[in-house]
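Chemist: Coordinates for the following, if possible.
(6 chains, ligands or ions: 5)
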Amino acid sequence: MTDNDLMQRSPHLIRRHRNGKIGRAIFFLSTTIGLVALIVLILSIINQSMGLVIVRYTVEPATLSDKPLEDLESTELSAILTQRLKPSRLRTIERDTPLATLSRTQLYNLVMEEIVVPKVQKSFHLDESLFQRAKIEQIASEEYPGAHITFRSWINWNFIVGSLSKSPEIAGIRTALMGSLWIILITIVVAFPIGVGAAIYLEEYASSSSRINRIIQTNIDNLAGVPSIVYGILGLAIFVRSLGDLTQGRTVISAGLTMALLILPILIINAQEAIRAVPNSLRQASYGLGATQWQTIWHHVLPYALPGILTGTILSISRAFGETAPLILVGASSFINKDPSSLFSRFTVLPIQIYNWTSRPQDTFRNIAAAAIIILILTLLTLNAVAILLRNRFSKRV
Amino acid sequence: MTRQTLERQIHHIQDEVLLLGSMIEQAMLKAVSSLKCRDIAEARRIYHADQLINEKRYAIENAILILIATQQPMAHDLRILAAMLEVITELERMGDYAKGIARVTIRLENIEIPIPTQEFDRMAELSVSMLHRALSAFVTENPNLAAAIPAEDDEVDELYNRVYLNVVNAMIANPQIIDHANLLLWVAHNLERMADRVTNICERTVFIATGEVLEIDQSDDETEQDVE
Amino acid sequence: MTRQTLERQIHHIQDEVLLLGSMIEQAMLKAVSSLKCRDIAEARRIYHADQLINEKRYAIENAILILIATQQPMAHDLRILAAMLEVITELERMGDYAKGIARVTIRLENIEIPIPTQEFDRMAELSVSMLHRALSAFVTENPNLAAAIPAEDDEVDELYNRVYLNVVNAMIANPQIIDHANLLLWVAHNLERMADRVTNICERTVFIATGEVLEIDQSDDETEQDVE
Amino acid sequence: MEQEMFRPTQQTQAISPFDVHASSALIANLRKRPRWGERFIQGFLFFCGAVSILTTLGIVFELGKESLLFFQTPEVNLIEFLTGTKWQPTIGEFGVLPLVNATLMTTLVAMLVALPLGLAAAIYLSEYASPKARGFLKPILEILAGIPTVVYGYFALTFMTPLLRTILGSETVQIYNTFSAGLVMGIMILPLVCSMSEDALNAVPRALREAAYGMGATKLETALQVVVPAALSGIIAAFILAISRAVGETMIVALAAGSGPNFTFNPFKAAETMTGYIARISGGDVGYDTPDYNSIFAIGLLLFTITLALNILSRKLSARFREVYE
Amino acid sequence: MTETPFPNNAYAIELRNVDIFYGNFRAVKDINLQIEPRKITAIIGPSGCGKSTVIRCFNRMNDLVPSAHLNGEILFHGKNIYDPDVDPVQVRRLIGMVFQKPNPFPKSIYENIAWGARVNGYRGNMDDLVEQSLRQAALWDEVKDTLKKSALALSGGQQQRLCIARTLAVRPEIILMDEPCSALDPIATLKIEDLMRELSTQYTIIIVTHNMQQAARASDFTAFFTMDTDRAGIMVEYGPTSQIFTRPKDKRTEDYITGRFG
Amino acid sequence: MTETPFPNNAYAIELRNVDIFYGNFRAVKDINLQIEPRKITAIIGPSGCGKSTVIRCFNRMNDLVPSAHLNGEILFHGKNIYDPDVDPVQVRRLIGMVFQKPNPFPKSIYENIAWGARVNGYRGNMDDLVEQSLRQAALWDEVKDTLKKSALALSGGQQQRLCIARTLAVRPEIILMDEPCSALDPIATLKIEDLMRELSTQYTIIIVTHNMQQAARASDFTAFFTMDTDRAGIMVEYGPTSQIFTRPKDKRTEDYITGRFG
Ligand SMILES: Nc1ncnc2c1ncn2[C@@H]1O[C@H](COP(=O)(O)OP(=O)(O)OP(=O)(O)O)[C@@H](O)[C@H]1O
Ligand SMILES: Nc1ncnc2c1ncn2[C@@H]1O[C@H](COP(=O)(O)OP(=O)(O)OP(=O)(O)O)[C@@H](O)[C@H]1O
Ligand SMILES: [Mg+2]
Ligand SMILES: [Mg+2]
Ligand SMILES: O=P([O-])([O-])[O-]
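Modeler: Numbers count the residues shown, from 1 in each chain, chains lettered A, B, ... in the order given. Ligands and ions are numbered 1, 2, ... in the order given. Below you'll find the model as predicted:
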């Protein structure tokens, strides 16, 4: 061996280093593809959630008042309503909620819904709106003479607080959000104690030699992999039909219980993992000092595992929040306009709305589907962010 | 400070070594005085007490081995223990010298013979004093003190030579006492050897402190006149 | 089998001990023969060669300490090493005896005196043979062989007594030679002591094998007549 | 001296009167006392565990019961069900193969996307990416994994399909087609494969990599020849789980693959999968106890069986994988 | 020395014909062992010979392994602690345990010590108890100003002494230690050994160790275990440490002690 | 003894004024160390004094820690291995490493050994190489009939010898070992030490160990490291093992060796 051997790379070594570079490029590319997919997905959704629309009004707003409608006072708006609405329709509205009690925004919405009634003739994606404005104007003038071109963000406050509607222009997702909220609440209340309890049982009490415990464990593991639609079938068969007398069929409670069953295995497994991550030495220390089993669990195991359990719970909840298929089976109605108000209300949820709107052929429904997706994803991101924060705190402590 | 156990045990053994040393000092002083007074009973006691000295020596040796086996002493600790092994061997041998003197006393029972008491006393005194200081230098690990002691051996040698000459002259003058007078030579020899042994202990003390075996120039055998 | 290093090093030290032993055997045989032939030059060589023996002894001792410090020997291994520490001390002392005899030869240069060659030869032969066998018993860890050797000491004691009587008688007959004849008593004494030392080695051999210090009944000092 | 006499055994039994007293108090102290609170808690926790058993029993019982009803319908028999290539309940044709076939096609396409890309990305993340890059990329992939499937369905229908039609021509690619559904499903499953494989790769001890580097291996050699084989069973488990996910996936196919069973091997044509069929039938207004309605239970049972088998297989593999390094 | 809970000549704890099984596998067989009160007894032996198994039976810690069970008797104050009417929770209070890796609770130093005493119904002045336990464990001076800080911030050796202090706070009679120093560096190890020596004036200490030298250094008695042909652990020799390490009686002990094997 | 790649009086490897940093933290400072060829050199010292840091620099293993960098020179055959034109892959082939925990690849015994040789472009008879390496590592007799079995089925000690055999198969000149026995029982440890002694006739061995006794038993030279006031590791003393353990020159060495500290 000479000094040179250290520096001079043999052809063999040069080839090895080159292969290394190629491999690295391939792996990097694959990762990039994943990233690109995510970006494209987000962009394509944003792309469809806003853009130019060609609108035509049943009654031109300009004919209602000199000023733009947005600037009118409540009194002026009520005046327009009382003037222009059919008396029968006015009576119906007055019966529900007297005009006098309504805020300015609500009055404005009423005017828009009942009198102006904008009809979106055609909507365009954001990219088209930005780069092909001329073509759009040409289409508008050729195909929809007299219609207006305006920029519309399908995602707006009215969309969030508005109730469902058959027309995409004025449809909102409040009912769906309320439905989701109800179901999630029921799911947590049912699944969290049972899930954590089962996890404690399996990790702390169950001896792995006992048959029943082994069965429970494998069973939970397998349940976690059962497709969600099968849970839907189960919920349909049990909560909707067999227990129909108690649950009154396709109601919030049926859906909540179904969801609870769905996330239970995930919740248990996450909680088990969190409990398993508690060092055994901690338990031994506690027992070694003459503590009982429950003292050990309550004072040492649970506090230590809690952040992990909460993280797991939040992740399961976010799973439940986005779940669609089982609720189709349990019978989320695609159209109701009454917010759920009790365990036995009929309901819809956000993903179901997205599903329904997407399945419609009209572009405008796809636009509001995109808007709903953005709301959904933002909610989930928030939930996940909380989970990540928790996990970070957790991992710092250890 | 860690290693308390090891330190405690080393101290304990050092104490035992000092104890052994004082047993020997006692034995030697008493042996010489019993010879002087022709106290046969005392001589017998000393003769038998040597057994105790031997036992103590083996007990200490055993304790040192146990300490080496169980405490894994290193470096300085190990040097102390190894030195102690050597020191107790020397001490035991000194015990034998005391026993030898006691035996002479016993064998000289009823035998008229002039004993050079003055020199014997002085020799015993000197070597015991050397031993005493050597052992304190040893346990306090004072190499300077230890290095100063061997020089005193010269006086012991001097005394020995004086006894030797006297006894040989007495023998020449009166050949009948040769057999018994020879015993007195033994006594002187033993006392002189004891001082020699002390110098070994001093050497060891230097060894503990420095880790080097420094052979102090010494006369290694009984006759002091240089051969070369 | 693990601990090859330790075993190799123990064997190495054992070899060194045997080597030291044979140096001493040589020194002793040559010392006696040079006394017989009045070969002063040879005696001088032996006298100075003692320094080599001392050095070898210290080298071995150092090696043993290093082995104890570095290899953490336990139980049997430790007993062997501890025993070797003792054995080399004994051997060094035997070396001193050979040196002592050589010194006598040197001091008897040009001095006419009848030397009891026959007994000396026999004593040297006997003790050297005892030493030789004791050392092989030691390194082969044969307690039976070792236990048999001390009995032979009796013959050496017997010879010593004979020499003693002869020399004392000669001294009585001719008091002028007392000073020099005494030197011959030293020689006999040294030879007899050597045999005693060998019995110590045998004791140690038994210790290694059994872990117990068995004091073989032995005469601990120079004069063989029992005092009690 | 530290030497002590070792006490002979015989002396043990001697206990003085004083100590008999002392130890009897102590023994009383040692005596068991009932802890009812603990008992009750344990009982409740056991119940919690048992809920999962009830769930499974519920699934098996309900699916079995209703399937039985389905198979009792005169038009239906098991052999035909499993071998028939036509599914037209209106004319009494109940052959499940078109549905199965569509499921397999979407799955196949999805796997062709997800497995290689997922594994390669996993290798990149665990072996190449700097801790910083990894800390940034991994959460992004987790976001991808957390997006609800209905969103992917939307994406397939409103983006992927139009894109395919632009590239391949709208004659070849129908508005609803299994290819687009499969492709998007692949993207959806990619993070799962990536994340699970990355976990498996990460579980390979650092020591193993160091061993390889220490022998003069390059990074690629270490990654492909040491780390991946060591994590293989974990990776395979991820793959199988991915397949199971694809088979059970509903919303993407319900939105993008088409409604209406169609026995075709052309991925650009519409075809309905098992899950899609279930979703469509149950979402519609088919009355209870019609053969149509009951058929969703039979298909559900089939789906359940397939995914269960896959899951068990995957779990077996990853259990084996866990044993290797502890 | 404090009050003497043991009559002279009585053992602190005694194993009679103990076999320990994991399922059908007999991990340890036919152990007879008498532990001297207020002495340090070390258990040594090759890996897997059942040392941990045995020491964990002294306070029924093996109850936590579902498959484990035991034949024979373990006498503590003349009572077999494996009798069905004995409460393992009580046993563990009287026979404390310190583990291989320091395992303080993720709480403050103070709480680490107070907790055990509190669950065991201690009603006295907690501050005093904490101080006293920490002093006994030779840790007080190092932590007296940081009692409120997390125990996890301590060094390994300090953590282990904290674990000992925590055990002392529930006033056990016997302290079991399963390789208490195997996670510590040599200096921390020697500190713990010194501490054990201190504690042995008041407590009976049983220590399992992989480290022969540690057993040699730190114990008064040593039990050597090894594996029989059927892989069951057996006790080969038991005696004063000084004898075991210089003159073992059994060839197997000698071979193990000197680093040779079988 | 085989051919001599070193001229007489040359060092196997030499550190000159080496400082090692993790980010801004100087973990080790101003090390000058000459390793004797075909001898066993042990590095000992308290935890955290930088032993692992130093040994991992001998074959640029610390390159894998992004924050690590080094000042000074490490000369190997007169060439500074940290020169920019040196290929770390090449360095690691010539300077092999054995780690704290046995880390065989989860492949067959045969493949474990063959793999390294193969990636390094070995073209000879692989069976011979495997056999030879296993023989050198004193493992052949134990595994010759089970070469196709998984290496993970071996015991800890056997695994560690396999790792050594695997390193030997790529024909290094120097073998680095970072606490190679800390996961092994005493007997397996002694076996590895015997093996190291065998190998030292052909290879230069550098071993980091926490276990002072091991350094004493198994090495020819010992370097004692400790931490300076600024927490940087420094080398206090370096010399023949027999001297370090009987007559250390530095008080700090003496204190460490005898189990007392500062
Ligand atoms: N929980 C368990 N279930 C089944 N077998 C076990 C269990 N714990 C230990 N064993 C077995 O019992 C035997 C003794 O194990 P134990 O842990 O007591 O040995 P040890 O002497 O403490 O070993 P080490 O020195 O490695 O700690 C081993 O064969 C081990 O495999
Ligand atoms: N990757 C790293 N990044 C930052 N600092 C490190 C890293 N590795 C080690 N250190 C620091 O460098 C110093 C030396 O560490 P090193 O692991 O070399 O010590 P060591 O002597 O091997 O200790 P031990 O005996 O515990 O293995 C320590 O202060 C450690 O905290
Ligand atoms: Mg004697
Ligand atoms: Mg290290
Ligand atoms: O005891 P010695 O014969 O050597 O004086």
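Chemist: Flag the shaky bits of the chain, pLDDT-wise.
Modeler: If you meant another chain, say so; for now it's chain A. A:1-8, A:208-209, A:333-335, A:394-398 (pLDDT under 70).
Chemist: Please refer instead to chain E.
Modeler: E:1-9, E:262.
Chemist: Checking the residue most central in space within it next. Helix, strand or coil?
Modeler: Central residue of chain E (C-alpha atoms, centre = their mean): residue E:176, 1.5 Å from the mean position. Look at residue E:176: counting by DSSP: H, G, I helix; E, B strand; the rest coil, its state is strand.
Chemist: what sits opposite it in the beta ladder?
Modeler: Counting by DSSP bridges, residue E:176 forms beta bridges with residue E:97, residue E:206.
Chemist: Phi and psi next, for residue E:35.
Modeler: Dihedral pair for residue E:35: phi -90, psi 130, per degrees, to the nearest 10.
Chemist: Relative to chain F, which residue of chain D is the closest?
Modeler: Per C-beta to the nearest C-beta, residue D:216 is where chain D lies closest to chain F, at 3.1 Å. From N, CA and C alone the C-beta is placed, and that goes for glycine too.
Chemist: Correct me if wrong, but that residue is in a helix.
Modeler: No - with three-state DSSP as the criterion, residue D:216 is located in coil rather than a helix.
Chemist: which residues touch it?
Modeler: F:89, F:90, F:92, F:93, F:94, F:116, F:119, F:120, F:170 (C-beta atoms under 8 Å, 6 or more residues apart in numbering or on different chains).
Chemist: Could you work out the most separated pair of those residues?
Modeler: F:94 and F:119 (14.6 Å; C-beta to C-beta).
Chemist: More neighbours: which of those two?
Modeler: More neighbours surround residue F:119 than the other of residue F:94 and residue F:119, with 22 against 19 (other C-beta atoms under 10 Å in any protein chain shown).
Chemist: Tell me how far that one lies from chain D.
Modeler: 5 Å (C-beta to the nearest C-beta, to the nearest Å).
Chemist: thinking that residue is in contact with residue D:224, fair?
Modeler: No - counting by C-beta atoms under 8 Å, residue F:119 sits too far from residue D:224 to count as a contact (10.6 Å).
Chemist: show me the contacts for the residue in the stretch 151-300 of chain A positioned nearest to ligand 3.
Modeler: The stretch 151-300 of chain A approaches ligand 3 most closely through residue A:288 (55.8 Å), counting by C-beta to the ion. Contact partners of residue A:288, counting by C-beta under 8 Å, 6+ apart, are E:59, E:61, E:92, E:96, E:97, E:98, E:99, E:167.
Chemist: Tell me the one of those residues nearest chain C?
Modeler: The closest of the contacts of residue A:288, once distances to chain C are taken by C-beta to the nearest C-beta, is residue E:98, at 26.2 Å.
Chemist: how much space between that closest one and residue E:50?
Modeler: As judged by C-beta to C-beta, to the nearest Å, residue E:98 and residue E:50 stand 19 Å apart.
Chemist: Same check on residue A:337?
Modeler: Distance from residue A:337 to residue E:50, by C-beta to C-beta: 73 Å.
Chemist: mind checking pLDDT for residue B:143?
Modeler: Confidence at residue B:143, expressed as pLDDT, is 89.
Chemist: How about it, nearest residue that isn't a chain neighbour?
Modeler: residue B:209 (4.0 Å; C-beta to C-beta, 6 or more residues apart in numbering or on different chains).
Chemist: In chain B, which residue sits nearest chain A?
Modeler: residue B:2 (25.6 Å).
Chemist: ok, back up a step: for residue E:178, see how far away the residue nearest to residue B:143 is.
Modeler: From residue B:209 to residue E:178 the distance is 42 Å (C-beta to C-beta).
Chemist: Looking at these two, which is more packed in?
Modeler: It is residue E:178, of residue B:209 and residue E:178, that has more neighbours when counted by other C-beta under 10 Å, with 22 against 19.
Chemist: The more buried one - nearest residue in space that isn't next to it in sequence?
Modeler: Per C-beta to C-beta, 6+ apart, closest to residue E:178 is residue E:208, 4.8 Å.
Chemist: Look at that neighbour and say how many residues are nearby.
Modeler: 26.
Chemist: what do you get for residue D:265?
Modeler: Residue D:265 has 10 neighbouring residues, counting by other C-beta under 10 Å.
Chemist: With residue B:61 instead?
Modeler: 21.
Chemist: In contact with the one residue sitting closest to the centre of chain D, which residues?
Modeler: Nearest to the geometric centre of chain D sits residue D:241, at 4.2 Å (C-alpha atoms, centre = their mean). The neighbours of residue D:241, taking C-beta under 8 Å, 6+ apart as the test, are A:225, D:192, D:196, D:310, D:311, D:314.
Chemist: What strand or helix carries the third one?
Modeler: Right, the one you point to is residue D:196. Residue D:196 belongs to helix D:178-203 when elements are defined using DSSP states H and E.
Chemist: Which parts of that helix count as buried, going by neighbours?
Modeler: Using 16 or more other C-beta atoms under 10 Å in any protein chain shown as the test for burial, helix D:178-203 gives D:178-202.
Chemist: The helix or strand in which residue A:312 is found and chain E in contact?
Modeler: Using DSSP H and E, residue A:312 maps to helix A:302-322. Yes - using C-beta under 8 Å from any C-beta of the partner chain, helix A:302-322 reaches chain E at residue A:304.
Chemist: packing partners for that helix?
Modeler: helix A:174-200, helix A:252-276, helix A:350-359, helix A:363-397, helix D:131-146, helix D:149-155 (3 or more C-beta pairs under 8 Å, 6 or more residues apart in numbering or on different chains; DSSP states H and E).
Chemist: orientation of it relative to helix D:131-146 in degrees?
Modeler: Going by axes from the mean of the first three to the mean of the last three C-alpha atoms, to 10 degrees, helix A:302-322 is angled at 50 degrees with respect to helix D:131-146.
Chemist: ok now helix A:302-322, how far from the chain's centre?
Modeler: Relative to its chain's centre, helix A:302-322 lies at 17 Å (C-alpha atoms, centre = their mean, to the nearest Å).
Chemist: Just want the angle from it to helix A:174-200.
Modeler: 140 degrees.
Chemist: Now the element after helix A:302-322, going C-ward?
Modeler: helix A:325-330.
Chemist: near chain D, anything from that following helix?
Modeler: Yes - judged by C-beta under 8 Å from any C-beta, helix A:325-330 and chain D are in contact via A:325, A:328, A:329.
Chemist: count of neighbours near the second one?
Modeler: In this case it means residue A:328. 25.
Chemist: same deal with the one 10 residues further on?
Modeler: Summarising burial for residue A:338: neighbours were counted as other C-beta under 10 Å, giving 12.
Chemist: May I have the secondary structure class of it?
Modeler: Assignment for residue A:338 (three-state DSSP): coil.
Chemist: which secondary structure element contains residue D:258?
Modeler: Per DSSP H and E, there is no helix or strand for residue D:258.
Chemist: that older thread, just give the nearest non-adjacent residue to the residue of chain B closest to chain A, would you?
Modeler: residue E:190 (4.0 Å).
Chemist: what about the one you found, distance to residue E:196?
Modeler: Residue E:190 is 11 Å from residue E:196, by C-beta to C-beta.
Chemist: which phi and psi does residue E:75 have?
Modeler: Dihedral angles (degrees, to the nearest 10) for residue E:75: phi -90, psi 130.
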